[in-house]
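Student: Can you look at this prediction? I've put the sequence above it.
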Amino acid sequence: MIYDTHMHCDYSCDSEMKLEDALAAATEQGIGLTVTEHWDYDYPTNPDAFTFDIDEYFARFMPLKSDKALIGIEIGMQTHTAEADKRIAQSYAFDYVLASIHCIGRRDLYEPTCYEGRTRQQIVEEFLHESITCLEQERDFDAFAHIDYICRYWPYPGAERELRLSDAPELFDSLFTLLIEKNKPIEINTRRLDDAAAVAGLLSLYKRYHELGGRFCTLGSDAHYKEHVGRRMQEAVELAKECGLTPVYFKARKMYIMEGL
């Protein structure tokens, strides 16, 4: 069964989807899901925007929880939040902790001001350095999300929009090696898999992750609307196969291979 392991509902401030709607959408498609509400401690544009009442989250979710409906969290890493991030990951009985990078240098990658006065190459290197530093810290997570997150928002047009392995091969190798050494899968985020240029860029990155020894990936729609639950999952499965990666999901923080794909 396919598991969509990345989505946001009531407890993510940027989501327009109710928990019950996500569950109904997954059931209709015959897939499993993991809800991963946003947790970004000390967010630069609003320090409390991406935090929420986790106790309430569990109280509401637990009556609905099953083998096909799992409870997780997406922790947005910053270099100065490692201790707080680890404490959240270990204080609750999550099925899955997804790590991501939404900010670099205490700047929000969503905001145009993040890129002002900086070249594309500087942004690529800063993003990768931030990711590497965070992964080198003492943390507790299960997989690494949307490596192409910056491509959604940075201002570079045309062919410059996509990440390329050739942008910073040594830094990509360092990032992937850290994930592999920690036995952390990389996510295939399906949000941009309808764009051939995006797929081409991602293909080179995922293949390199495999060449260095990576064997597992998660699949995540990053849905914020009920219509996006499960989007492009089959495309993600095919991409994983092309890159030699096996799709997995997590339950009670233990990794399971998705069967019957």
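Tutor: Perfect, I can see it now. Keep in mind that this is a model prediction, so the values were computed, not measured.

Student: Can you name the residues that contact Ala240?
Tutor: Ile188, Tyr206, Cys217, Leu219, Thr246, Pro247 (Cβ atoms under 8 Å, 6 or more residues apart in numbering). Just so you know, the C-beta spots here come from the backbone N, C-alpha and C atoms, and that holds for glycine as well.

Student: and it, what element?
Tutor: helix 233-242 (DSSP states H and E).

Student: In the stretch 101-250 of the chain, what residue spans correspond to strands?
Tutor: With strands called from DSSP state E, counting those that start in this stretch, the stretch 101-250 of the chain shows them at 103-104, 107-108, 143-144, 186-189, 216-220, 246-251.

Student: For the ones you listed, could you give me TSV that also reports mean neighbour count and distance to Trp39?
Tutor: Formatted as TSV, the strands of the stretch 101-250 of the chain follow (neighbours: other Cβ atoms under 10 Å; distance: least, Cβ to Cβ, whole Å):
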stretch	mean neighbour count	distance to Trp39
strand 103-104	23	13
strand 107-108	18	15
strand 143-144	26	15
strand 186-189	24	16
strand 216-220	27	16
strand 246-251	20	16
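
Student: Could you save these as JSON lines and add columns showing distance to Glu136?
Tutor: Formatted as JSON lines, the strands of the stretch 101-250 of the chain follow (distance: least, Cβ to Cβ, whole Å):
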{"stretch": "strand 103-104", "distance to Glu136": "15"}
{"stretch": "strand 107-108", "distance to Glu136": "20"}
{"stretch": "strand 143-144", "distance to Glu136": "13"}
{"stretch": "strand 186-189", "distance to Glu136": "17"}
{"stretch": "strand 216-220", "distance to Glu136": "21"}
{"stretch": "strand 246-251", "distance to Glu136": "22"}
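
Student: hmm, back to that, what angle do the helix holding Ala240 and strand 216-220 make?
Tutor: Here helix 233-242 runs at an angle of 160 degrees relative to strand 216-220 (axes from the mean of the first three to the mean of the last three Cα atoms, to 10 degrees).

Student: tell me how far the ends of stretch 2-11 are from each other?
Tutor: 24 Å (Cα to Cα, to the nearest Å).

Student: pLDDT below threshold where in the stretch 151-261 of the chain?
Tutor: The stretch 151-261 of the chain contains no residues with pLDDT under 70.

Student: that older thread, got the angle for the helix holding Ala240 vs strand 246-251?
Tutor: Put simply, helix 233-242 runs at 120 degrees to strand 246-251, going by the same axes, to 10 degrees.

Student: Of the contacts of Ala240, which is the nearest to Lys86?
Tutor: Lys86 has its nearest neighbour among the contacts of Ala240 in Cys217, at 23.6 Å by Cβ to Cβ.

Student: dump the residue contacts of the closest one.
Tutor: Counting by Cβ under 8 Å, 6+ apart, Cys217 has contacts Pro185, Ile186, Glu187, Ile188, Tyr206, Ala240, Cys243, Leu245, Thr246, Pro247, Val248.

Student: Next up, the contacts around the residue lying closest to it once chain neighbours are set aside.
Tutor: Excluding its sequence neighbours, the residue lying closest to Cys217 (Cβ to Cβ, 6 or more residues apart in numbering) is Leu245, at 4.2 Å. By Cβ under 8 Å, 6+ apart, the contact list for Leu245 reads Pro185, Ile186, Ile188, Tyr206, Tyr209, His210, Gly214, Arg215, Phe216, Cys217.

Student: now with 10 Å?
Tutor: 185-186, 188, 206-207, 209-210, 214-218, 236, 239 (Cβ atoms under 10 Å, 6 or more residues apart in numbering).

Student: Check Leu239 too.
Tutor: Contacts of Leu239 by Cβ under 10 Å, 6+ apart are Ile188, Thr190, Leu193, Val199, Leu202, Leu203, Tyr206, Cys217, Leu219, Arg232, Leu245, Pro247.

Student: Turn the residues you listed into a markdown table, columns for distance to Asp140.
Tutor: Formatted as a markdown table, those follow (distance: Cβ to Cβ, whole Å):
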| residue | distance to Asp140 |
| --- | --- |
| Ile188 | 22 |
| Thr190 | 26 |
| Leu193 | 29 |
| Val199 | 31 |
| Leu202 | 27 |
| Leu203 | 30 |
| Tyr206 | 24 |
| Cys217 | 20 |
| Leu219 | 22 |
| Arg232 | 29 |
| Leu245 | 23 |
| Pro247 | 22 |
